[in-house]
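Engineer: no letters, just coordinates:
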Ligand SMILES: Nc1ncnc2c1ncn2[C@@H]1O[C@H](COP(=O)(O)OP(=O)(O)O)[C@@H](O)[C@H]1O
Ligand SMILES: Cc1cn([C@H]2C[C@H](O)[C@@H](COP(=O)(O)O)O2)c(=O)[nH]c1=O
Ligand SMILES: [Zn+2]
């Protein structure tokens, strides 16, 4: 389990990245860290891309319906304007943000802000997703989570798309995606 670094020795910003497949617990872990920051009386702001309209427009919501209020934004630069006087910034579904995201997170960390970014590390084809690989390169702390493979029960790091659509951005849940281990993922891919 991730334990917050000590703030002793003055205020220093840093970047945490939580990555993994769908259903691996990224949103739950993000919410857990943000709630603990609030318990510590830190000022927290939470952002998600406006394209993610699943569940609730004004909150981030986990697959188990654990939720926390967030601000939907069009682009990553808006975070710089909206995150004034805050101690902690949380960003969910970060794979959907634009190419400025790593730079924005660097600037926030330089302001002394703790930045916690959660997102899918791979898209449905198994390729690195959006800015997440760049965020992993910049991160001070990385947590990779795993779901459970719905075919064999091993740990899953792939998000298998069940439908034939080929666009990268396709919002969905269990209707469209299932978490699979490497072995089961490639077995399914061959069948397609
Ligand atoms: N195959 C699965 N493996 C693990 N968790 C699953 C699975 N299917 C459903 N879940 C549920 O999803 C929850 C994680 O949801 P969430 O934090 O929203 O994940 P993520 O943001 O990574 O998609 C788990 O606590 C569990 O209750
Ligand atoms: C793999 C993959 C996923 N998506 C979409 C599907 C969901 O709406 C989100 C991921 O949500 P989660 O909190 O990680 O479960 O992303 C996509 O658009 N394209 C993909 O390749
Ligand atoms: Zn499997």
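Structural biologist: That came in fine, so what should we check first? Values in this document were obtained by computation on a predicted structure and should not be read as measured data. Numbering: from 1, shown residues only. Ligands and ions are numbered 1, 2, ... in the order given.

Engineer: quick check: mean pLDDT across stretch 158-167?
Structural biologist: Taken as a whole, stretch 158-167 carries a mean pLDDT of 97.

Engineer: how about residues contacting that stretch?
Structural biologist: The contact list for stretch 158-167 (C-beta atoms under 8 Å, 6 or more residues apart in numbering) reads 21-22, 120, 122-124, 126, 170, 175-182, 184-185, 188-189. C-beta coordinates here come from the backbone N, C-alpha and C atoms, glycine included.

Engineer: within reach of ligand 3, which of those are there?
Structural biologist: Within the set of those, contact with ligand 3 (C-beta under 5 Å from the ion) is found for 181, 184.

Engineer: which of the residues in the helix or strand of the chain with the lowest mean pLDDT are buried?
Structural biologist: Least confident element among the helices and strands of the chain, by mean pLDDT, DSSP states H and E: strand 59-61 (a mean of 85). Buried residues in strand 59-61, counted by 16 or more other C-beta atoms under 10 Å: 59, 60, 61.

Engineer: get me the contact residues on this protein for ligand 2.
Structural biologist: 22-23, 26-27, 54, 120, 123-124, 159, 168-172, 177 (C-beta under 6 Å from any ligand atom).

Engineer: just flag the most distant two among the residues you listed.
Structural biologist: Greatest spatial distance among those (C-beta to C-beta): 27 and 168, at 19.8 Å.

Engineer: between these two, which is the more surrounded one?
Structural biologist: Legend: neighbour count by other C-beta atoms under 10 Å for residue 27 and residue 168, higher for residue 27 (23 against 13).

Engineer: that one in helix, strand or coil?
Structural biologist: What DSSP: H, G, I helix; E, B strand; the rest coil gives for residue 27 is helix.

Engineer: ok, residues contacting the helix or strand just after the least confident helix or strand of the chain?
Structural biologist: Under the assignment DSSP states H and E, the closest C-terminal helix or strand after strand 59-61 is strand 67-69. Contact with strand 67-69 is made by 31, 34, 35, 46, 55, 56, 58, 59, 60, 61, 90, as judged by C-beta under 8 Å, 6+ apart.

Engineer: now the buried members of those residues.
Structural biologist: 31, 34, 46, 59, 60, 61, 90.

Engineer: next one: the second one from residue 161, what distance?
Structural biologist: Put plainly, it is residue 34. Distance of residue 34 to residue 161, given as C-beta to C-beta, to the nearest Å: 29 Å.

Engineer: for the fifth one, same thing?
Structural biologist: Note on residue 60: its distance to residue 161, by C-beta to C-beta, is 22 Å.

Engineer: go on, the last one?
Structural biologist: When C-beta to C-beta is the yardstick, residue 90 and residue 161 sit 27 Å from each other.

Engineer: isn't residue 123 up against residue 133?
Structural biologist: No: applying C-beta atoms under 8 Å, one finds residue 123 not in contact with residue 133, separated by 11.3 Å.
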